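Asker: let me see the structure of the following:
(one chain, ligands or ions: 2)
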Amino acid sequence: MKIFSGKAVFGGVAIGRISIYKKDEQQVKRIKVADVEAEINRYHEAKNTAIEQLEKLHEKAVKEVGEASAEIFEAHQMMLDDGDYIDSVENIIRTQEVNAEYAVAITGDNFSEMFANMDDEYFRGRAADVKDISERVVKILMGDESGSIESDEPVIIVADDLAPSETVQLDKDKILSFVTVHGSANSHTAILAKTMSIPAMIGTDIPLDDSVDGKMAIVDGFEGKVYVEPDEDTLEAKKKIVIEEQNKKALLEELRGKDNVTRDGQHINLYANIGNSKDLALVMKNDANGIGLFRSEFIYLGSDHYPTESEQFAIYKQVAETMAGKKVIIRTLDIGADKQADYFELPEEENPAMGLRAIRICLTRPEIFKTQLRAILRASAFGKISIMYPMIISVNEVREIKAIMAEVKAELDSEGVAYDKDIEEGIMIETPAAVMIAEELAREVDFFSVGTNDLTQYTLAIDRQNQSMDKFYDPHHPAIVKMLKIIIDSAHKYGKWAGICGELGADLSLTKEFLAMGFDELSVSPGRILPIRKIVLETNVAEYKKEKGLQ
Ligand code: PEP
Ligand code: MG
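Answerer: Ligands and ions are numbered 1, 2, ... in the order given. All right, here's what the predicted structure looks like:
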């Protein structure tokens, strides 16, 4: 048995096999080949395999996200069979006597560049598609299985680090736990593990080689340890913890269907944070009163092109319909910083967390923003949707958003498209600037939701992605607590509601404090809803305030 240590970011115990996550990096080399015809055959075989893979992906996507969103996989199959594309690959192999990988990669680059320079927006959008199909064929030619989970059984994913764009592509049904060598406790991979309620560890001293790959292991997210090839005693002890945890969960199950009301009658909404429509099952299971943060950027991260209006509409509609009249707060695109999608072609920045991200991208590139707003508004006819804007720093930004929103609504009106005319619009408070002008902002919007992850980062001047700064990253810092009070009081002064959707909202040691401050909502990972409900039901806010000397 070998034991490795790290920092646990979510508790629980997982038992299963390790699968080392391989990065999706392809280094295509130019190699001279002797038998040109054999190389062309190799290319055709890989192309046919790619078409079969896409056919399977198409079938899976039709079931999971519907026909409209699945169309892209059909389009990709057709592109692979395009005569000009095939001619180009064969030509390069023949005339330069080179390997198929190189010929496909060069053809992909050339075609994608050609599309990117076209006037027509539709064709410009195809540039990323050509690149994508070419990468798929190159991968098959290279026998590369990167980015996929080979096992049929759920596994413990062990990786150097995982970017949000990588985690989003993983098949969540096959993951028991995340263990990374690097990564920070406040990263989106950690947040994803919390959403999935699975044990996760960062900063783990585990090797990324065959000494652990494929081996049975236990991840103990309570003590921050990974046991590879555990002995019988350890296995028995850990199985006992798994059973205890299941029993605790069963007790909490009894709180399903109960109102979140304190002993002295104060009510609070407990909503769930989600990253995609697949998380809905967890939302239902944990009896959330609504969705307080739908991180819509995960749709963009899971795509290799700008998600179209109809692709987005299908997802938002599905979420709204599934929640059947319960509130669904969709946060508009919060891309940038650690959440990068190549096709946005964002500039390299010295300090990306303080650069072009979130609402700044939307206001700089309104065509992207408008597509999303149209999709959200159209979906609002099918449930109770609210919109929330991230990274706000000024009243002017809110006014600019309102002007764009008015244009989009006018367009929909002229097309006779139905949407909720009174759709609620709120903002995230996640910059110190927004806290300082909270009263001015409260006059402009319907609600606030505090993003404590970024608010802590920007207030304490600590990069939330930087693992070595984790010891300084303190969301309990008195500055943050004081800010929370300013935010809630400013919202209430203007008759607006306020909640917390950052990770601090799920901190059970502060639930009573949040109730005492008067927060109207907490939006947390689905697995945290019932533990918080338990505290709410046990609390007498008036007594707590007396005890703490608060008015
Ligand atoms: C936050 O910053 O607290 C938040 C909820 O947004 P994200 O973690 O996605 O940046
Ligand atoms: Mg944030």
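
Asker: could you check how far Gly302 is from Lys402?
Answerer: Separation of Gly302 from Lys402 (CB to CB, to the nearest Å) stands at 29 Å. Bear in mind the C-beta positions are built from the backbone N, C-alpha and C, glycine included.

Asker: who's more crowded, the two?
Answerer: The residue with more neighbours, out of Gly302 and Lys402 and counting by other CB atoms under 10 Å, is Gly302; that gives 16 against 13.

Asker: these two touch, right, the more buried one and Asn276?
Answerer: Yes - counting by CB atoms under 8 Å, Gly302 sits close enough to Asn276 to count as a contact (7.0 Å).

Asker: the closest residue to ligand 2 within the stretch 1-150 of the chain in helix, strand or coil?
Answerer: The shortest separation between the stretch 1-150 of the chain and ligand 2 is 16.9 Å, found at Val9 (distances taken as CB to the ion). Using DSSP: H, G, I helix; E, B strand; the rest coil, the structure places Val9 in strand.

Asker: once you drop chain neighbours, what's closest to it?
Answerer: Ala190 (4.1 Å; CB to CB, 6 or more residues apart in numbering).

Asker: ok, Arg533 - contacts?
Answerer: The contact partners of Arg533, by CB atoms under 8 Å, 6 or more residues apart in numbering, come to 255, 258, 260, 270.

Asker: okay, it: pLDDT?
Answerer: Arg533 is assigned a pLDDT of 97 by the prediction.

Asker: which strand or helix spans it?
Answerer: Secondary structure assignment for Arg533, by DSSP states H and E: helix 529-538.

Asker: in that helix, which residues are buried?
Answerer: Neighbour-count burial for helix 529-538, with 16 or more other CB atoms under 10 Å as criterion, is recorded at 529-536.

Asker: now for the residues you listed: which two are most distant?
Answerer: When the buried residues of helix 529-538 are compared pair by pair using CB to CB, the farthest-apart members prove to be Ile529 and Ile535, with a separation of 11.3 Å.

Asker: ok, back up a step: now, of the contacts of Arg533, which are buried?
Answerer: With burial judged by 16+ other CB under 10 Å, the buried subset of these is 255, 260, 270.

Asker: now do Ala491 against ligand 1, distance only.
Answerer: When CB to the nearest ligand atom, to the nearest Å is the yardstick, Ala491 and ligand 1 sit 17 Å from each other.

Asker: contacting residues around that residue?
Answerer: 438, 442, 447-448, 497-498.

Asker: check Arg30 too.
Answerer: Arg30 makes contact with 98-99, 102, according to CB under 8 Å, 6+ apart.

Asker: the same query, at a cut-off of 7 Å, please.
Answerer: Counting by CB atoms under 7 Å, 6 or more residues apart in numbering, Arg30 makes contact with 98, 102.

Asker: how about Tyr271: what's its closest non-neighbour residue?
Answerer: Closest to Tyr271 by CB to CB, 6+ apart is Gly292, at 3.1 Å.

Asker: helix or strand: which one has the one you found?
Answerer: Element membership for Gly292, per DSSP H and E: strand 290-295.

Asker: how far off centre is the very next helix or strand once past that strand?
Answerer: Counting by DSSP H and E, the element after strand 290-295 in chain order, helix or strand, is helix 297-301. Taking the mean of its C-alpha atoms, helix 297-301 sits 7 Å from the chain's own mean (CA atoms, centre = their mean, to the nearest Å).

Asker: helices and strands around helix 297-301, which ones?
Answerer: For helix 297-301, the contact count by 3 or more CB pairs under 7 Å, 6 or more residues apart in numbering; DSSP states H and E identifies no helix or strand as a packing neighbour.

Asker: and ligand 1, is stretch 289-304 touching that?
Answerer: Yes - applying CB under 6 Å from any ligand atom, one finds stretch 289-304 touching ligand 1 at 293, 295.

Asker: picking up where we left off before, with distance to Asp507 as new columns, can the buried ones among the contacts of Arg533 be given to me in CSV?
Answerer: Output for the buried ones among the contacts of Arg533, formatted as CSV (distance: CB to CB, whole Å):
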residue, distance to Asp507
Leu255, 19
Asn260, 16
Leu270, 14
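
Asker: can you name the residues of the stretch 201-350 of the chain sitting close to ligand 1?
Answerer: Applying CB under 6 Å from any ligand atom, we find that the stretch 201-350 of the chain lies next to ligand 1 at 293, 295, 334.

Asker: quickly list what the first one is bridged to.
Answerer: Per DSSP bridges, residues listed as beta-bridge partners of Leu293: Asn273.

Asker: what does the pLDDT read for it?
Answerer: Leu293 is assigned 98 on the pLDDT scale.

Asker: how about it, what does it touch?
Answerer: By CB under 7 Å, 6+ apart, the contact list for Leu293 reads 273, 329, 331, 449, 501, 523.

Asker: could you rerun that using 8 Å?
Answerer: Contact analysis of Leu293 by CB under 8 Å, 6+ apart lists 271, 273-274, 329, 331, 388, 449, 501, 523.

Asker: pick out the most distant pair among these.
Answerer: Ile274 and Ser449 (14.0 Å).
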